[in-house]
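A.B. asks: Please work out how this folds:
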Amino acid sequence: MPAIQTRALSKRYGEVVALDSLSLAVEDGECYGFLGPNGAGKSTTINILTGQLVPDSGEARVAGVDPVETPVEARRRVGILPESGRPPSFLTVREYFEFAATTRGLEESTMTERVDRWAERLEFAHKLDTLCTDLSQGERQKVLITQAFIHEPRVVFIDEPLTNLDPIMQERVKGFFETYRSAGNTLFLSTHFVETAAEVCTQVGIINRGRLLEELRPRGMDGDALLDRFFTSVDEDVAEATLTRSS
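C.D. replies: Prediction:
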């Protein structure tokens, strides 16, 4: 069974079609890049797959469970890195990591070892006793990345992961993603940065107006080539929509 699978997912907000019969399958060990302009349906898809939103119709399975029927269990099995998240200002970094691990079912007996190991992996061990409010923007982003992986989930949803990171840390995080994926885990990456998708992802899906337009393997393509494919797919979809409305 794929790590992530949807069948004909649809969602409307009034007259606005957010998802239009979206079907996709992402296997174990893939880094799937979800590319699309603003309003294409990326956030709606992720919210459904992480049990935060109920679709109007269709089916979904993530890490072996239905996120619509069992949303709490789905959120325990996945990691989530939101685009605009912010760690709680009143907690230290360690307290926040322990809170995140507890809510995802990590046993207390393994908590300290897990927190220390992941903080070390992302070069954050020296900040564990620092209040989150005293961190720089880049440090807060590293905290958010760490909390998404701390329970070592099979599937991780990642939204604009490189925001506020300096170039050196960006490269280290991309290398970490590759290591985690190579171990058989699955990453679902939503991004506006085509260069990031071309470099990190093993598969890319292009979405517009809630429809999956094209899927491709970007390895061997540079950012410019993938950008051309992206614009071609979206432009053709916009032209089709315009023709349909005028006919």
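A.B. asks: pretty sure Gln170 contacts Asn164?
C.D. replies: No: contact criterion CB atoms under 8 Å: Gln170 and Asn164 do not qualify, at 9.9 Å. C-beta here means a position set from N, CA and C on the backbone, and glycine is covered the same way.
A.B. asks: tell me which residues in stretch 64-82 are buried?
C.D. replies: Buried positions in stretch 64-82, judged by neighbour count with 16 or more other CB atoms under 10 Å: 65, 67-68, 71, 73-81.
A.B. asks: In the protein, what helix or strand scores lowest on average pLDDT?
C.D. replies: helix 223-246 (a mean of 74; mean pLDDT, DSSP states H and E).
A.B. asks: Tell me which stretches of this structure form strands.
C.D. replies: Remark: strands assigned in the chain by DSSP state E are 4-13, 16-26, 31-35, 57-62, 78-81, 155-159, 186-190, 203-208, 211-216.
A.B. asks: Closest to Thr110 out of the buried residues of stretch 64-82?
C.D. replies: Ranked by distance to Thr110 (CB to CB), the buried residues of stretch 64-82 are led by Arg76 at 15.2 Å.
A.B. asks: Pull the contacting residues for that closest one.
C.D. replies: By CB atoms under 8 Å, 6 or more residues apart in numbering, Arg76 lies in contact with 103-105, 151.
A.B. asks: one step back: would you convert the strands of the chain into CSV that also reports mean pLDDT and distance to Thr196?
C.D. replies: Listed next are the strands of the chain as CSV, based on pLDDT from 0 to 100; distance: least, CB to CB, whole Å:
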stretch, mean pLDDT, distance to Thr196
strand 4-13, 97, 19
strand 16-26, 96, 17
strand 31-35, 95, 8
strand 57-62, 97, 23
strand 78-81, 95, 14
strand 155-159, 95, 10
strand 186-190, 96, 8
strand 203-208, 94, 11
strand 211-216, 93, 15
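A.B. asks: Just put those in CSV and tack on distance to Gln137.
C.D. replies: Shown next, in CSV, are these (distance: least, CB to CB, whole Å):
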stretch, distance to Gln137
strand 4-13, 30
strand 16-26, 30
strand 31-35, 24
strand 57-62, 30
strand 78-81, 15
strand 155-159, 16
strand 186-190, 20
strand 203-208, 28
strand 211-216, 33
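A.B. asks: Those strands: which one's closest to Leu128?
C.D. replies: For those, the distance to Leu128 is smallest for strand 78-81, at 19.3 Å, taking CB to CB.
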